[in-house]
Each structure stands twice: as C-alpha cells, then as structure tokens.
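Enquirer: sequence unknown, structure follows:
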C-alpha cells in the first residue's frame, strides 16, 4: 500500500499548498500537546512526529520572508527523508500568529531522525533560522541534550538562544534574515 503523503507549504514553492489537516496523526498529537505543555505525556502514535517552525524575532512572525524561509525548510526536510530512505506519512502546513509551522509524520527511527535534523540545522545556510522538534512514538520530545550536545547559541551574542528569545534580548532585523535567505537562494540549483 502506498504511503499517504501530503506535501504542503506556502506560496512560492509550486509543488506545495497550505491546508488544515484533517487528522495528520491527530493533528500531530495536538501539536505536541499544545507545544509541550503536557511534556508529551500520554501521547500515542505510530511514527515520530516533526514540528518545524521559523525562528522570527519581533511581532511580525508571518510574512513573505518567513514563508520563503519556511519553504526552504520544507524542501530540506523532504530531501533529508529521501536521502535516508524515510517515508513522510503525512504532512501539513499551518498558518498561525506565531508564524508558519510544518507538521510531519515521518516513518524513521526517532533518534536517527533527531540527529539528522540537528545536522540539517547546522549545515544548511538557513538552519539557524529553523526550529525542528522531534517527538517519539512514545511521546518523548527529543532535544539536543539527549545527544550530549550543547543548547543552540544566539545568532547575535553567542549566549543561550532560548534565554535571549525568552528575555527578548535582541530585535533581530529582517536584514539578517534576508541576507541568510539570499545566501540560501544563491546555493539552490536552477
């Protein structure tokens, strides 16, 4: 039986389209139990779930720029799955006040998937502007610390990215995002 894959993203990535998921692994386990509020406890599903968002400081989270960055990420995740021979069972792109979010159910070993997404964030020019979370089939959210890796660092000051984001330490301008996006665009084959 063929895998059920829905390719979705935002405008400017022709093969993708945005939609609201019907079930997508029960809306990807209620969007990681409403973004980790319940620490993933009690969640049950058959494959690891991936949540992909764009790191966009400031009040404007959903813009043409963040959607283009998002589309690069969706494409990179599809390429990653293809490289490893993993199947994307379901996928949805959601529009929200916090910006675009991709939700994917990927048939892959969860730890290998998280390690691959960490490597993707590190090697891809836009990777610093992506936040890719992996939830195991048992409901555990895998983080960098599971692999003895340090927390991500702030793009501007090198401190903990989580602390700078929580404290709204910097107002990262669209100029920096635009420069990174331009670099990524220039590396894409025609």
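Expert: Thanks, I have it. Predicted model only: the values in this text are computed from it and were never measured. Numbers count the residues shown, from 1 in each chain.
Enquirer: Going by residue numbers, what spans are helices in this protein?
Expert: Taking DSSP state H as the criterion, the chain contains helices spanning 24-36, 64-84, 110-123, 161-166, 174-187.
Enquirer: least reliable of those going by mean pLDDT?
Expert: Lowest mean pLDDT of these: helix 24-36, a mean of 48.
Enquirer: Can you give me every residue that contacts the closest residue to residue 97 other than its chain neighbours?
Expert: Nearest residue to residue 97, sequence neighbours excluded (Cβ to Cβ, 6 or more residues apart in numbering): residue 61, at 6.6 Å. All C-beta spots, glycine's among them, are computed from the backbone N, C-alpha and C. Counting by Cβ atoms under 8 Å, 6 or more residues apart in numbering, residue 61 makes contact with 54, 97-99.
Enquirer: since we're on the closest residue in space to residue 94 that isn't next to it in sequence, how many residues are nearby?
Expert: Once flanking residues are discounted, residue 94 sits nearest to residue 101: 4.7 Å by Cβ to Cβ, 6+ apart. The tally of other residues near residue 101 (other Cβ atoms under 10 Å) stands at 19.
Enquirer: wait, residue 101 sits on residue 73?
Expert: No: judged on Cβ atoms under 8 Å, residue 101 makes no contact with residue 73 at a distance of 10.4 Å.
Enquirer: Now the common contact residues for the two.
Expert: Joint contacts of residue 101 and residue 73 (Cβ under 8 Å, 6+ apart) are residue 52.
Enquirer: how close does residue 55 sit to residue 90?
Expert: Distance of residue 55 to residue 90, computed by Cβ to Cβ, to the nearest Å: 24 Å.
Enquirer: cool, residue 73 as well?
Expert: With the distance defined as Cβ to Cβ, residue 73 ends up 17 Å from residue 90.
Enquirer: okay, those two: which has more neighbours?
Expert: Per other Cβ under 10 Å, whichever of residue 73 and residue 90 has more neighbours is residue 73, with 26 against 21.
Enquirer: show me what contacts the more buried one?
Expert: The contact partners of residue 73, taken as Cβ under 8 Å, 6+ apart, are 52, 54, 102, 126, 130, 132.
Enquirer: Now for those residues: which two are most distant?
Expert: Largest separation among these by Cβ to Cβ: 102 and 126, giving 13.6 Å.
Enquirer: The two: which is more packed in?
Expert: Using other Cβ under 10 Å, the more surrounded residue of residue 102 and residue 126 is residue 102, with 25 against 22.
Enquirer: Check the spacing between residue 98 and residue 52 real quick.
Expert: Distance of residue 98 to residue 52, computed by Cβ to Cβ: 13 Å.
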